[in-house]
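Q: I would like the atomic coordinates for the input below:
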Amino acid sequence: MENFTEDKTGSFSSYLSEGCRLCQEGAKMVLFVTGLCPKSCFYCPLSDERSGKDLIFANERSVKNDEDLLKEAELMDALGTGITGGEPLLKIERVLHYIRMLKSSFGKKHHIHLYTSLAPDRQVLERLAEAGLDEIRLHPSQESWGDLKHSPYADALQNAKKLGIEAGIEIPALEGAEKVAAFAEEMEVFLNLNELEFSDNNSKALLKSGFSLKSDISSAAEGSCKYAETAFSACKRAHFCSSTYKDAVQLRKRFQRIAKNTARGFDDTTEDGTLVYGVIECGDQKLAEEILQDMEVPSELFEVKDGKIEIAWWVLEELKEAIKEELEPLGTKLSIIERYPFEDGMVVELTPL
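A: Reported below is the predicted structural model:
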């Protein structure tokens, strides 16, 4: 492999599309438009919560209306959006609506890319281009990799380019990836290769196909990287995204952007973009609030919620003995929580005091 860069997470590239560049900054909102899909790829990582269900998510936020989507984009200062699924083009009107809305709300510079396992015809591509789609990534299934030149994907890529949409192919790094790389080179489009990952839903299929975990601390499949290295020699504009990179860099940077806009004055933001604060689960909430006021804890250092008080962790640490003395007999529990930086974000760690 020549003329490529590699990072400490194992990702390497000779080219990054604008969509990938923004993903690397954690600046892309992930818009999951539906869990419906006509394909049944053995490596599909979708969870039971989403797979086969017509649901919409913006990052981890369930989208019930347009305001939910716009709020999530604003919370992370999104510079762009990646539209995914399921199969997004099964809900083409929904996709077109969201592209237009995002462009209208955040301007033409808000970069939008879309993944699809289908090969959209000229008419569909014209509608996507007119709405403002910037980039499309086709995902042909593995059984079609041997003859892509004579498949509908060839026409789809050519038409997308003619309409001013940056076009590429995105696949998992599997056996035969070098054939896709040669096709991408011939079509003069970019190629994205993703390290194959184990998930709850695909683990049995991956094991049956002969894959195993790379290590005890990674969800990556052993050997996937080697297929990417083979493919790289056949395509001048290629990018391999490692499992570690997605977790260690992309996700963390996205969390950091969200945390910056959502952290309260007393939340401690970590390098991973998680939020840390103390919690007083109250047996007597009113009494707990009075005690904090008697201890002259500034009101900006705690927030009263239903059944609990959230407070700066360092304040709770300092006052825990005094609070316990007053409230422990009433069943009050004290803890420090670290959680993801979105509404009802998953708790990463809970430390009882």
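Q: can you give me the strands for the stretch 151-300 of the chain?
A: With DSSP state E, counting those that start in this stretch, the ranges of strands along the stretch 151-300 of the chain come out as 166-172, 190-194, 238-241, 268-269, 275-281.
Q: any idea which of the ones you listed scores lowest on pLDDT?
A: Note on the strands of the stretch 151-300 of the chain: lowest mean pLDDT is at strand 238-241, with a mean of 89.
Q: which helices and strands sit right next to it?
A: For strand 238-241, the packing partners by 3 or more Cβ pairs under 8 Å, 6 or more residues apart in numbering; DSSP states H and E come out as strand 12-13, strand 190-194, helix 224-232. Bear in mind the C-beta positions are built from the backbone N, C-alpha and C, glycine included.
Q: Relative to residue 65, how far out is residue 229?
A: 45 Å (Cβ to Cβ, to the nearest Å).
Q: Between the two, point out the one with more neighbours.
A: Counted by other Cβ atoms under 10 Å, residue 229 and residue 65 do not tie: residue 229 has more neighbours, with 15 against 9.
Q: Give me the pLDDT value at that one.
A: 88.
Q: Also the one 4 residues further on?
A: For residue 233, the pLDDT comes out at 85.
Q: Where does the prediction get shaky in this protein?
A: In the predicted model, the chain carries pLDDT under 70 at residues 1-10, 215, 217-218, 247-249.
Q: same thing but at 50, please
A: 1 (pLDDT under 50).
Q: Show me the helices in it, by range?
A: Using DSSP state H, the helices of the chain run over residues 18-24, 66-75, 92-106, 122-131, 152-162, 177-187, 203-208, 224-232, 243-245, 252-262, 285-294, 313-327.
Q: Tabulate the ones you listed in JSON lines, adding columns for distance to residue 336.
A: Converted to JSON lines, the helices of the chain look like this (distance: least, Cβ to Cβ, whole Å):
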{"stretch": "helix 18-24", "distance to residue 336": "32"}
{"stretch": "helix 66-75", "distance to residue 336": "24"}
{"stretch": "helix 92-106", "distance to residue 336": "36"}
{"stretch": "helix 122-131", "distance to residue 336": "46"}
{"stretch": "helix 152-162", "distance to residue 336": "50"}
{"stretch": "helix 177-187", "distance to residue 336": "46"}
{"stretch": "helix 203-208", "distance to residue 336": "33"}
{"stretch": "helix 224-232", "distance to residue 336": "38"}
{"stretch": "helix 243-245", "distance to residue 336": "28"}
{"stretch": "helix 252-262", "distance to residue 336": "17"}
{"stretch": "helix 285-294", "distance to residue 336": "16"}
{"stretch": "helix 313-327", "distance to residue 336": "5"}
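Q: right, and the helices and strands packed on strand 238-241 - which one's nearest residue 295?
A: Proximity to residue 295 (Cβ to Cβ) singles out strand 190-194 among the helices and strands packed on strand 238-241, at 52.2 Å.
Q: quick revisit: between the helices of the chain, which one is nearest to residue 115?
A: The nearest among the helices of the chain, by Cβ to Cβ, is helix 18-24 at 9.8 Å.
Q: Of all the residues in that closest one, which ones are buried?
A: Neighbour-count burial for helix 18-24 flags 19, 20, 22, 23, 24 (criterion: 16 or more other Cβ atoms under 10 Å).
Q: Report all helices and strands that that helix contacts.
A: Applying 3+ Cβ pairs under 8 Å, 6+ apart, one finds that helix 18-24 contacts strand 80-84, strand 111-116, strand 135-138.
Q: mind redoing it with 6 Å?
A: Here helix 18-24 touches strand 111-116, going by 3 or more Cβ pairs under 6 Å, 6 or more residues apart in numbering; DSSP states H and E.
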